[in-house]
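1. would you be able to build a 3D model of this:
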Amino acid sequence: ILSRLFQVNIRKHLNNVIDIAINDSESCNYQSNVSDGLVNIPDMMLLPLDAKSVGGSGTAPYGSLFPLAFDTIIDEVEKGIASGSIDVNEMIRAATAAQSGYGGLLFYDSLVDFDTEFELGSVILGLQLKIYNTSIEN
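-> Modelled structure (predicted):
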């Protein structure tokens, strides 16, 4: 009985609550600047001036995260080539130290904090999902 109750009622309402939370979020007002549905790789991976010089629009339609990460990786690889070795562990150590203060460790105080209530017939159900004090260590 509990399995059927979950599958039929709770799951349906939970999916509706999640769908509403995702679709009504004002903090996620992403609007694509891409009109033809195709991804322009230079625009996605390169800084605007570099992208424009190789055929991209140079307007950063995908934001700056990928170009900055790609640029950092290229810089590290070029340093490794110049010195004769590429130290992947050092790259990971530096990136994780910037996030957590410790090389090789990623730490998140609160990774997920979801709390909601919804009605199921005449019953009000509460749902909390929390993931906290999470660490990943190399």
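2. which SS class is the closest residue to residue 56 other than its chain neighbours?
-> Excluding the flanking residues, the one nearest residue 56 by Cβ to Cβ, 6 or more residues apart in numbering is residue 42, at 3.4 Å. The C-beta positions use only the backbone N, C-alpha and C, and glycine is treated the same way. Look at residue 42: counting by DSSP: H, G, I helix; E, B strand; the rest coil, its state is helix.
3. what do you get for residue 61?
-> Judged by three-state DSSP, the three-state class of residue 61 is coil.
4. count the neighbours of it for me.
-> When neighbours are counted by other Cβ atoms under 10 Å, residue 61 registers 17.
5. sorry, back to before: and the residue nearest to residue 56, what does it touch?
-> Residues near residue 42 by Cβ atoms under 8 Å, 6 or more residues apart in numbering: 50-51, 54-56.
6. now, which of those sits nearest residue 128?
-> Distance to residue 128 across the contacts of residue 42 (Cβ to Cβ) is lowest for residue 51, with 43.7 Å.
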